[in-house]
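1. 3D, please:
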Amino acid sequence: MRQKLVPAFFLLCLCVSAQHQDKVDFIRGEVLIEPLPNSKRVKGDVTYEFVVLKDVDSVFLDAQNMAFEWVNLNGKRTKYKYDTKTITIGKKFKEGEKYTLVLAYSCQPRQTTYFLGWDDNVEDNEQIWTQGQGKYTSHWLPSFDDMEEKVEFDLSIVVDSNYQVVANGRLVEDGPKSNGKHQWLFDMQNPMSSYLLAFAIGNYDKEELKSSSGVPLENYYYPKDNLRVEPTYRYTKEIFDFIETEIGVPYPWHNYKQIPVRDFLYAGMENTSATIFSDGYVIDSTAFIDKNYVNVNAHELAHQWFGNLVTEKDGNHHWLHEGFATYYAYLAEQEIFGDDHFYWKLYNALIQLQSAVDRGEGQSLLDPKASSLTFYEKGAWALFMLRDRIGDVAFKKGIQNYLEKYKFKNVTVSNFLQEMEKASDSDLSGFSKEWLESTLLPFEIAKKSLTQKSASLALLVSMEDDFTKAQSDDIDLEHFWDGTKSIHLKKNMLDNHFEILPEEIIEKAFDADTILLRQSLAIKMDSIPSSLKAAYESLLNDKSYLTQETALFKLWVAFPEDRKKYLDSTKNSDGLPNKNVKLLWLTLAILTNDYEPQNTQPYFIELSGYTSAKYPWEIRMRAFQYVSEIGFSDQSLKNLINATVHHSWQFKKYARNLMDELLKDSDYQNRIGSIAKELKEDELRYMNTKLNEK
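-> Coordinates of the predicted model:
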């Protein structure tokens, strides 16, 4: 750790090209950066210290589209070559000698660093955050894309004094600079791969907790969300304590921080000691049953050991990251929600995996191009079955030996299997062929393992023949419903066999004080008989925004004469963070004849307004879906054009597909063409390609 603030340093391993990555050891790095939000640029300098293990004639760093002001080697200016992707410093580097390399640079990252909120004129909406998953940190810092280069680093960040900065490691100093700027210094004491470097800048408060082992836990939130802290971070300490104890190896970093950001690319990212996650998980208590952060919370925490402490050598070993994080997250949910939840989650994943195999889409866990379903769910299943095979004691011993032996290093699947074989004194080649190498799935073996552990799943299997017979025969299914207390089994009956269930079971499901069962009824019941109308209407009062949304729409369709009543009863509900209830409500209010006619235009303006860039993309996408059914204003068309160049690939893909549909209409073609002059450069570039096609 530096004792004082100096220009520079965020370490990122790097150096060396693949051909001599074993000849140079980057030990540490220091970084000083200043993000420039108005121009969406980053300027800074980075200092690396490295030791030469064998003579080499050059050192390489990955650096995407950067401008270098100067480069110093051991305190002297040095020549370099740069091809927009790699900077090369040529010199006869001598074995056993230490070197210090300093680079002063600036860049305008095309990805990895995201500047949000400076264009929307909304106060307290500004954020800067990074997402370097895989090998992308070199878009904002000269560094090393290869995961095998691990370095210890310090990171200093200069920002406007109005903002909070959160980054890897321990905050050791922060203080004012001139011109309203503030400098934050973070210290790491152990090495890590550069893709795990990260920072988030914005307007935050934080909740401070401490694990049972004494690790500081910092849960960040927007000041306006102070009432959402508890439901968002519910069980955080319990999750941390459980996972650390279950793994049996102490948490390897200074502290643990979790930071929500807007328009994140994924659910979460396990940057070392600083998980960044989507603020779509910042919820109130009613939303907890529909979409909570518990699984993501546990998954990203488990990565602090599996991915960060020990890191895959390359993509062929990705199971060692995602399969392990998924498995330990499942175990944490078992600890919190119980065995029935755990086994049914495994069962549902097993059904998904077998469906993929049946479609000819089964994949090996050793395939670097495998899907998320394979790496996450099949990976978790492989660990579940490995533990079942060798027993708890050997499994935990093997995990601990594996983490201790390879801490702060890179690993292969073979490294892991060798440690598990030693711990269990067994040959795991058969396990490897069956679960890791094969594109198929030992479905019956896996299902048998579950049914031996779960009474409700065993009952499900015994019911399968009766459900088949009930398609044509009069089979009494009530005894199955009455014979189990498992909510998951009853939910399975509703989700998969609703059409053949007698009304007596449906009535019992309505009467159950169980949100999950009533939610299934809301979703599965397409026609609402008059005898169940009152029961179905009661769903509007359930503490589930998904239930409220579904029930509102279906009741509005089924009973036109009562539309005003349904709209009045749900008028003040926003719903989930994506405003699922509010956006549906506005649409139905606009479409309902004689419902507050004086407000039809204001409601349309409000609905269209949610397509604006000042809102998260999940809200915008839902708003576009509804607006496309009613009609676009010129402003919402501009907002759609803006969405076609959004950084989130999911949202961008949706917006571009919707734009393609609109451009099939000549009127929309003309309207879009007429507003082209008002577009930003990147928006205009894309729309010109589409309009030229027409």
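2. could you check how many residues crowd around A534?
-> Other residues near A534 come to 9 when the count uses other C-beta atoms under 10 Å. C-betas here are computed from N, CA, C, even on glycine.
3. how far away from the center of its chain is the helix or strand where it lies?
-> For A534, the host element (DSSP states H and E) is helix 533-537. When distances are taken as C-alpha atoms, centre = their mean, to the nearest Å, helix 533-537 is centred 37 Å away from the chain's centroid.
4. which residues outside that helix are in contact with it?
-> Contact partners of helix 533-537, identified using C-beta atoms under 8 Å, 6 or more residues apart in numbering, comprise 507, 510, 521-522, 525, 528, 551, 554-555, 559, 566.
5. what's the most distant pair in the residues you listed?
-> E507 and Y566 (21.9 Å; C-beta to C-beta).
6. ok, and for the helix holding A534, which residues are buried?
-> By neighbour count on 16 or more other C-beta atoms under 10 Å, the buried set for helix 533-537 is 535-537.
7. so what strands line up beside the strand or helix carrying V71?
-> Assigned by DSSP H and E, V71 belongs to strand 66-73. Within its sheet, strand 66-73 is paired with strand 76-77 (antiparallel), strand 98-107 (antiparallel), according to DSSP bridges.
8. pLDDT of it, averaged?
-> For strand 66-73, mean pLDDT is 98.
9. again, but for stretch 436-452
-> For stretch 436-452, the per-residue pLDDT averages 97.
10. going forward can the numbers begin at 6, since that is how I track them
-> Happy to do that; since the first residue is 6 now, the last one works out to stretch 441-457.
11. quick one: buried residues of it?
-> Neighbour counts over stretch 441-457 (16+ other C-beta under 10 Å) mark 441, 443, 446, 451-452, 454-456 as buried.
12. same thing with stretch 56-74?
-> Of all the residues in stretch 56-74, those buried under the rule 16+ other C-beta under 10 Å are 57, 61, 63-69, 71, 73.
13. related to what we said a few turns ago, mind putting the buried residues of stretch 441-457 into TSV with distance to V315 and secondary structure?
-> Output for the buried residues of stretch 441-457, formatted as TSV (distance: C-beta to C-beta, whole Å; DSSP: H, G, I helix; E, B strand; the rest coil):
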residue	distance to V315	secondary structure
L441	17	helix
S443	25	coil
L446	27	coil
A451	26	helix
K452	31	helix
S454	27	helix
L455	29	helix
T456	34	helix
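14. can you give me the helices in the stretch 356-505 of the chain?
-> Along the stretch 356-505 of the chain, the segments classed as helices by DSSP state H, counting those that start in this stretch run 377, 384-395, 397-410, 418-429, 434-436, 448-458, 460-474, 483-487, 492-502.
15. which one of those helices is the most hemmed in?
-> helix 384-395 (a mean of 21; mean count of other C-beta atoms under 10 Å).
16. how far away from the center of its chain is that helix?
-> Relative to the chain's own centre, helix 384-395 is displaced by 24 Å; criterion: C-alpha atoms, centre = their mean.
17. hmm, back to that, which among the helices of the stretch 356-505 of the chain is found nearest to N300?
-> With C-beta to C-beta, the closest approach to N300 among these belongs to helix 384-395: 11.4 Å.
18. show me what that closest one is packed up against.
-> helix 324-342, helix 344-363, helix 397-410, helix 418-429, helix 434-436, helix 448-458 (3 or more C-beta pairs under 8 Å, 6 or more residues apart in numbering; DSSP states H and E).
19. give me the buried positions along the second one.
-> Neighbour-count burial for helix 344-363, counted by 16+ other C-beta under 10 Å, picks out 345-352, 354-355, 358-359, 361-362.
20. may I have the strand holding V76 as PDB, with CA atoms only?
-> These are the backbone C-alpha positions of strand 71-78, laid out as PDB (Å, rounded to 0.1, in the frame of the first residue of the first chain):
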ATOM      1  CA  MET A  71      -5.600   4.800 -26.100                       C
ATOM      2  CA  ALA A  72      -3.400   7.900 -26.400                       C
ATOM      3  CA  PHE A  73      -0.100   7.800 -24.600                       C
ATOM      4  CA  GLU A  74       1.400  11.100 -23.300                       C
ATOM      5  CA  TRP A  75       4.600   9.400 -22.200                       C
ATOM      6  CA  VAL A  76       6.100   6.100 -21.100                       C
ATOM      7  CA  ASN A  77       8.900   5.800 -18.500                       C
ATOM      8  CA  LEU A  78      11.100   2.800 -17.800                       C
END
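21. so which residues make contact with that strand?
-> For strand 71-78, the surrounding residues in contact (C-beta under 8 Å, 6+ apart) are 82-83, 85, 87, 89, 92, 94, 96, 104-112, 147.
22. same check, this time on stretch 397-409
-> So stretch 397-409 is contacted by 251-254, 310, 314-315, 391-392, 395, 416, 420-421, 424-425, 427-431 (C-beta under 8 Å, 6+ apart).
23. which residue packs closest to Y659, ignoring adjacent ones?
-> Leaving aside its sequence neighbours, Y659 sits nearest to M626 (C-beta to C-beta, 6 or more residues apart in numbering; 5.6 Å).
24. can you list contacts of the one helix or strand that neighbour maps to?
-> With elements taken from DSSP H and E, the one containing M626 is helix 622-635. With C-beta under 8 Å, 6+ apart as the test, helix 622-635 has contacts from 268, 285, 582-585, 588-589, 591-592, 595-596, 609, 612-613, 615-618, 620, 641, 644-645, 648, 651, 653, 655-656, 659-660, 663, 666-667.
25. show me which parts of that helix are buried, residue by residue.
-> 622-629, 631-632.
26. and which of those residues is nearest to Y600?
-> The shortest approach to Y600 among the buried residues of helix 622-635 belongs to Y631, at 15.9 Å (C-beta to C-beta).
27. okay, and which of the contacts of helix 622-635 map to helices?
-> Among the contacts of helix 622-635, DSSP state H puts 585, 588-589, 591-592, 595-596, 609, 612-613, 641, 644-645, 648, 655-656, 659-660, 663, 666-667 in helices.
28. tell me the most buried of the strands paired with strand 71-78?
-> Most buried among those, counting by mean count of other C-beta under 10 Å: strand 103-112, with a mean of 19.
29. and that strand, average pLDDT?
-> 98.
30. can I get it in PDB, CA atoms only?
-> Provided in PDB are the C-alpha atoms of strand 103-112 (Å, rounded to 0.1, in the frame of the first residue of the first chain):
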ATOM      1  CA  LYS A 103      13.400  -5.500 -11.200                       C
ATOM      2  CA  TYR A 104      11.900  -2.800 -13.400                       C
ATOM      3  CA  THR A 105       9.400   0.100 -12.900                       C
ATOM      4  CA  LEU A 106       7.200   1.000 -15.900                       C
ATOM      5  CA  VAL A 107       5.000   4.100 -15.900                       C
ATOM      6  CA  LEU A 108       2.500   5.000 -18.600                       C
ATOM      7  CA  ALA A 109       0.500   8.300 -18.800                       C
ATOM      8  CA  TYR A 110      -2.500   7.900 -21.000                       C
ATOM      9  CA  SER A 111      -6.100   8.900 -21.900                       C
ATOM     10  CA  CYS A 112      -8.900   7.000 -23.600                       C
END
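31. that strand: how far from the chain's middle?
-> Distance, stretch centre to chain centre, for strand 103-112: 32 Å (C-alpha atoms, centre = their mean).
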